[in-house]
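Q: Below are the sequence and a predicted model; questions follow.
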Amino acid sequence: MGGSAPAGDAAQTRVKRWLGTKPSRTVLRIVAAVIGAGLIGGGLALIWPKPDPIAAAPPSPDDPASLAPLPQRSVMVLLIGVDSDAINDPSNRAAPKGPANADSLMLIQITAGEALQVLQMPTELAVQLPGLEGLHPLARAYREGGVALTADVVAEVVGLPSGEPDRYVVMPRQALRALVDSLGEVEVSLNQSYNRQDKAQNYSVNLQAGRQTLNGRQAEQLARHRSSPNDDGARRVRQQALVRGLHDQLRQPNAIALLPDVIGEVSAQVSTDLTPSEMLSLTAAALSSTEPPVINQLKLAPRAGQQQLRELKPDQSLPLWPPAPNATAGN
């Protein structure tokens, strides 16, 4: 996660737009973002119809809309996968050791009746963080400032309008395992085998090439595996396979009937500002289209040598996502 910082005027321009030479401005920006999030929280709740006081019927096994009332507009959720086993773990038992870092960052836009839109954020993207000198990986924003700082940096990089992302979910590793195990399994196709043991991080991976059925522990191995410090891009591709596999599993017959219990199990292990009923509603909306998820990545400038930090490809217009119709995002 460390390494030398990328050079160039483009990188300096981007980080100055974020922090500049006056960290106090950034602190004020974070405070404003937190206050703004509180103010829009009540307004966002209006996108869900008022619950019927009469007890709802059990969900239909083939009708996502039977889970909960669908949101009446698009909702953008920031998913932060952290490198600790549980939310309140004092140590991540990973590298660099210490409080949790963001191991995976995704913006997920959910619109009823439309394909799920996902943007994978490069955790190795070079950013400047308040109180720290030089450039640091985007992953470190969570360690330094939690959800508020991470959301603010992500919004700044992507060029999101004020108030987005609407909601957040922080998912530690045990929550990922619980999600997969609650669903029974997840199927993925791997183009190679992976076998590695890292005693320093209490971590091992042993997965074979081909079509695989993974349990929660194996899904964690796939999402976590990084063969070298510069393997972030390949790890994101593996995580894409897991996202698609989870989406496919959720669309299996009778999976919908399991979702209230699944969400109840997982929600106890994540940190989020979504209520369980809102989580059910968003899940129903995500499954209301038969189209597979559309997963995009930001366009990055070519890696210079063995540098670990990356910078965005220059001369891109904001916002970088969601893409315009018929447009695609690069890796």
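A: Noted; the coordinates are in hand. Numbering: from 1, shown residues only.
Q: and the spatially closest residue to residue 93 that is not a sequence neighbour, how many residues sit next to it?
A: Excluding its sequence neighbours, the residue lying closest to residue 93 (C-beta to C-beta, 6 or more residues apart in numbering) is residue 202, at 5.7 Å. C-beta here means a position set from N, CA and C on the backbone, and glycine is covered the same way. For residue 202, the neighbour count with other C-beta atoms under 10 Å is 10.
Q: likewise residue 171?
A: Neighbour number of residue 171 under other C-beta under 10 Å is 22.
Q: for residue 197, same thing?
A: 10.
Q: Please report how far it lies from residue 231.
A: Distance, residue 197 to residue 231, using C-beta to C-beta, to the nearest Å: 16 Å.
Q: swap in residue 303?
A: From residue 303 to residue 231 the distance is 12 Å (C-beta to C-beta).
Q: repeat for residue 276
A: Applying C-beta to C-beta to residue 276 and residue 231 gives a distance of 36 Å.
Q: Below-threshold pLDDT in this structure: ranges please.
A: By pLDDT under 70, the weakly predicted segments of the chain are 1-46, 48-58, 61, 95-96, 200-201, 323-331.
Q: Residue 151 belongs to a strand, doesn't it?
A: No: counting by DSSP: H, G, I helix; E, B strand; the rest coil, residue 151 is not found in a strand; it is helix.
Q: what about it, distance to residue 205?
A: Counting by C-beta to C-beta - residue 151 and residue 205 are separated by 30 Å.
Q: neighbour count winner among these two?
A: Shown here are residue 151 and residue 205; by other C-beta under 10 Å, residue 151 has more neighbours (25 against 18).
Q: Look at residue 180 and give its secondary structure.
A: Under three-state DSSP, residue 180 comes out as helix.
Q: Help me confirm that it comes into contact with residue 246.
A: Yes: look at residue 180 against residue 246 with C-beta atoms under 8 Å: they come within range, at 7.4 Å.
Q: Spit out the residues that contact these two alike.
A: residue 186 (C-beta atoms under 8 Å, 6 or more residues apart in numbering).
Q: So for those two, which sits in the more crowded spot?
A: residue 180 (24 against 19).
Q: That one: what's it in contact with?
A: Residue 180 makes contacts with 186, 214-216, 219, 246, as judged by C-beta under 8 Å, 6+ apart.
Q: and residue 228, that one's in a strand?
A: No: read with three-state DSSP, residue 228 is coil and lies in no strand.
Q: Now do it: how many residues are near it, please.
A: The number of residues near residue 228, taken as other C-beta under 10 Å, comes to 9.
Q: repeat for the one 3 residues further on
A: Other residues near residue 231 number 13, with proximity taken as other C-beta under 10 Å.
Q: Then residue 266?
A: 23.
Q: what about the nearest residue to it once chain neighbours are set aside, distance to residue 261?
A: Using C-beta to C-beta, 6+ apart and skipping the chain neighbours, the partner closest in space to residue 266 is residue 179 (5.0 Å). To residue 261, residue 179 is 12 Å away according to C-beta to C-beta.
Q: Helices of this protein, start to end?
A: Taking DSSP state H as the test, the helices found in the chain are 9-18, 23-45, 140-158, 173-183, 216-224, 232-250, 255-267, 276-286.
Q: Residue 322 is in contact with residue 117, isn't it?
A: Yes: applying C-beta under 8 Å, one finds residue 322 in contact with residue 117, separated by 5.6 Å.
Q: Next, show the common contact partners of those two.
A: With C-beta under 8 Å, 6+ apart, residue 322 and residue 117 have common neighbours residue 109.
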